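[1] no sequence for this one, just the structure:
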């Protein structure tokens, strides 16, 4: 049995959510202790998605746009949504309105970050 770390498990979860979610628009923002960590998690999720797409199942998602900061995915049911990587800076996250938020290294996020969600 192989074991996966927390970040790898989050990336697998994010990839699965991206394939299966019925939500149109801003689906998930990935927050972490810094922007680089958030983009690493997004990059890992993209790698799992590309692996799945390369398997070639008949009902397969497609990545419409992809860059370091975000990706737009179209599910096999035709739903389009966006996943974005964000840093922990509260000022840079103002106005975020995703359906869900994923927090990597949550124990290291400063208390001031949470005030924007109150």
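    Good, I have the coordinates. Please read these numbers as outputs of a predicted model, since none were measured by experiment. Residues are numbered from 1 along each chain as shown.
[2] Contact partners for residue 40?
    residue 7 (CB atoms under 8 Å, 6 or more residues apart in numbering). The C-beta positions use only the backbone N, C-alpha and C, and glycine is treated the same way.
[3] host element of it?
    Assessed by DSSP states H and E, residue 40 sits inside helix 35-55.
[4] Now the element after that helix, going C-ward?
    strand 62-66.
[5] picking up where we left off before, and the helix holding residue 40, how far from the chain's centre?
    8 Å (CA atoms, centre = their mean, to the nearest Å).
[6] Residue 81 is in contact with residue 22, correct?
    No - using CB atoms under 8 Å, residue 22 makes no contact with residue 81, being 9.1 Å away.
[7] Compare these two and say which is more crowded by neighbours.
    residue 81 (22 against 10; other CB atoms under 10 Å).
[8] okay, and the helix or strand of this protein with the least pLDDT?
    helix 111-114 (a mean of 67; mean pLDDT, DSSP states H and E).
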